[in-house]
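S.K.: next input, structure requested:
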Amino acid sequence: MNLTELMSELVLQIGIILFAVRFCGRAAKRIGIPPVLGELLAGVIIGPYALGGIPVPGFSQGLFPLSQGAAGIAVSPELYAFATVASIILLFASGLETDLGLFLRYSLAGGIIGVGGAIFSFVLGGLSGVFLLHTGFMDPRCLFLGILSTATSVGITARILSDQKKMDSPEGVTILAAAVFDDVLGIIMLAVVLGIVALITSGQGALSATGILIIAGKAFGIWLGFTVLGLVFSKQIAAFLKKFKHSYDFSILALGIALLLAGFFEKQGLAMIIGAYIAGLSLSKTDIAAVVQERIHGLYEFFVPLFFAVMGMMVNVREILSAPVLIFGAVYMALAIFAKIVGCGGPALLLGFNAKGALRIGAGMVPRGEVALIIAGIGLASGVLDNQLFGVIILMTFVTTLAAPPLLSFSLKIPGFGTRKPVKNDDSAAAVWEFESGEIAGLVLDTLLKDLRSEGFYVQMMNIDEGLSQARKDDIALSITEEERVVTIETAKADMPFVKTSVYEVILRLNDAVQKLKDSSDPGAMKREIAGLEGRTSEQILALIQSQCITLNLKGETKEEVITELIDLLNNQGKLEDRDLALADVFQREKTMSTGMQYGIALPHAKTDGVKDIFVAVGIKKEGIDFESLDGEKSRLFILVVSPRKTSGPHVQFLAAIGTVLKDDITREAVINANDVEHAAILLQHGQ
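M.R.: Just a heads-up that it's a prediction; the model follows:
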């Protein structure tokens, strides 16, 4: 076959695959099965061991003839190359979705549970090979079976939790945190195992504990070294990429870095996906991460389903239906499910969860998926796994992914709290915004996520092609869903004022730039809803109110005069870097929409480069002035907030917290009639 014929056959194959995965993926979704399984099944159906091997006119050996190339690889090298690129894109995207610094800061419980599940799964997965293959634990096949048992498919779990309205529950937050730790640990363990496998298969000298430790240490050292370097120099890497100006240019070059690292790691005897994941992880904490994710989304949608199909094509249907594979698969599947339920549920019992909560967490960690299939492909290509063991892994992936939704749904429906002590997330609420178009919804959501990051939230995107995100800071957890033009945010009822205020601020800022937002939302109604909601306060945030920045006798008679007086109060206390800039930014914010609320309260505020930290000034004018308030009444209590434009600070969270305090009539009147600034500060911080 000449080159032209080879290329024409390849493009025909890719075209067929694209239609097959879309059709089977949609069909699977309609019957409640994760689309990834439909895409995998599409590959099995059209592969060389099934319909693809049947001769048709013009194709004497079938549309997808059985390859005579590398051992165990049933598809052509050209098609397998596409799958390899797809695996790099998939792991690069996974790395981009992980903000390691904030994640480690807010996910202690998830980390402990993730480590427990990974270790327990690795040991039981390896032991299944020891007993069924009648070999030692250090057999490369057993090591691969251990690694393959560790990975959790966070996208599948997130979708189940979202459907059950439990993403922001204690169990949901912990599952998603643990799943990310699973991915990180799986990559580390894969690096170590590949190093050990290289030593074992090289035949260079006798296998010794010292030799294993040396090669494992080298593999781990390479992974750790590049990860640390990537995180330390992440801003410099992003700055270099941004020199190419256009977002499409630097996004493609970011993927180019992933390809370069993937090739380097493969040359060092490690897996390509390790380098790709490190590249994504390095950029995850930069300001271009979200842009890169968006720009490579089209490539992701093209390549990744193709990867799942190719993995399905390598399944020998006859082998997978044989008695040895079915028996081995049944034992391996049972141990894989048991390992996650016990390995993750056990530590959960020690971290404040009861038996119901531990079961939910264990069940949520059961599904395997993308990473397991990639590692299986690596094992098959390297000759460590044969067709039978590859079939066992495909069975395990299918069954754990299919079993997880009903198992998790059942555990979530068990009545009662999942923690030993009820927490606020068990009493959740949802807010829904329907916009005029999907573009506007996406713009609002992207801006909101950026704001949350600037407020110090850890924002985790569940999957690049899933409309699911989670934001977490301290004990606040938000689950965010975008479906076409509808954005839904679920959180504890106590945190709903913060959510409403955050979205309200985003809409106001975008109102001038996007004319359609005026037709797709009602900021006034939203404002009234915010003012009437019950919420939580934070003493730490309200401690920003200081007595020296309070005045009980404002002189100003107009909105501009009052704002200027409050800005000067902060300036006289040495709080401002640029008084005129801060004043101008507050005035500019006020032009967008008045911050005069109900009940005689006004909350003028702005993000500005005129300060280096968040500061608050409070002023009282008992007779009141016209501040264009929502209810038309004069404003008597004025709370001005200024915070840095680009650095982290709880700007919106403060507004929500102070609004909650002043919702109480008695507290509000007590502040307005306070005799001294110290008493006013105490009332604002703690209420009446």
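S.K.: now Leu185: closest residue in space that isn't a chain neighbour?
M.R.: Ala118 (4.4 Å; CB to CB, 6 or more residues apart in numbering). For the C-beta atoms, the positions are set from N, CA and C on the backbone; glycine is no exception.
S.K.: so which elements touch the helix or strand harbouring the one you found?
M.R.: Secondary structure here is read from DSSP states H and E; on that basis Ala118 sits in helix 108-133. In terms of contact count using 3 or more CB pairs under 8 Å, 6 or more residues apart in numbering; DSSP states H and E, helix 108-133 is assigned the packing partners helix 140-148, helix 170-202, helix 323-349.
S.K.: which stretch in these has the least confidence?
M.R.: Mean pLDDT per stretch puts helix 170-202 lowest among the helices and strands packed on helix 108-133, at a mean of 75.
S.K.: so who does Arg579 touch?
M.R.: Contacts here follow CB atoms under 8 Å, 6 or more residues apart in numbering; on that basis Arg579 touches 567-568, 571, 610.
S.K.: re earlier: please report how far the residue nearest to Leu185 lies from Ile112.
M.R.: With the distance defined as CB to CB, to the nearest Å, Ala118 ends up 11 Å from Ile112.
S.K.: now do Gln685
M.R.: Using CB to CB, one gets 35 Å for the distance from Gln685 to Ile112.
S.K.: cool, and Leu229?
M.R.: Between Leu229 and Ile112 the distance is 27 Å, computed by CB to CB.
S.K.: cool, and Val384?
M.R.: 31 Å.
S.K.: what do you get for Leu402?
M.R.: Using CB to CB, one obtains 28 Å as the distance from Leu402 to Ile112.
S.K.: between the two, which is the more surrounded one?
M.R.: Set Leu402 next to Ile112 and count neighbours by other CB atoms under 10 Å: Ile112 wins out with 19 against 15.
S.K.: got a list of what that one touches?
M.R.: The contact partners of Ile112, by CB under 8 Å, 6+ apart, come to 347, 351.
S.K.: okay, strands next: where are they in this structure?
M.R.: Secondary structure of the chain (DSSP state E): strands at 428-434, 458-461, 468-473, 476-483, 486-492, 550-551, 601-602, 605-608, 615-625, 635-644.
S.K.: mean neighbour count, distance to Leu510 and mean pLDDT added to these, as JSON lines?
M.R.: Listed next are the strands of the chain as JSON lines, based on neighbours: other CB atoms under 10 Å; distance: least, CB to CB, whole Å; pLDDT from 0 to 100:
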{"stretch": "strand 428-434", "mean neighbour count": "16", "distance to Leu510": "12", "mean pLDDT": "80"}
{"stretch": "strand 458-461", "mean neighbour count": "23", "distance to Leu510": "19", "mean pLDDT": "68"}
{"stretch": "strand 468-473", "mean neighbour count": "22", "distance to Leu510": "18", "mean pLDDT": "73"}
{"stretch": "strand 476-483", "mean neighbour count": "22", "distance to Leu510": "16", "mean pLDDT": "79"}
{"stretch": "strand 486-492", "mean neighbour count": "21", "distance to Leu510": "13", "mean pLDDT": "83"}
{"stretch": "strand 550-551", "mean neighbour count": "22", "distance to Leu510": "33", "mean pLDDT": "92"}
{"stretch": "strand 601-602", "mean neighbour count": "26", "distance to Leu510": "23", "mean pLDDT": "90"}
{"stretch": "strand 605-608", "mean neighbour count": "23", "distance to Leu510": "14", "mean pLDDT": "88"}
{"stretch": "strand 615-625", "mean neighbour count": "20", "distance to Leu510": "25", "mean pLDDT": "92"}
{"stretch": "strand 635-644", "mean neighbour count": "24", "distance to Leu510": "19", "mean pLDDT": "91"}
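S.K.: which one of those lies nearest to Val503?
M.R.: strand 428-434 (6.5 Å; CB to CB).
S.K.: mind giving me the packing neighbours of that closest one?
M.R.: strand 486-492, helix 496-511.
S.K.: lowest confidence element among the helices and strands of the protein?
M.R.: Within the chain, confidence by mean pLDDT, DSSP states H and E is lowest for helix 517-520 among all helices and strands, at a mean of 44.
S.K.: give me the number of residues near the residue nearest to Leu185?
M.R.: 30.
S.K.: I'd say it and Asp182 touch.
M.R.: Yes: with contacts counted by CB atoms under 8 Å, Ala118 reaches Asp182, the gap being 5.6 Å.
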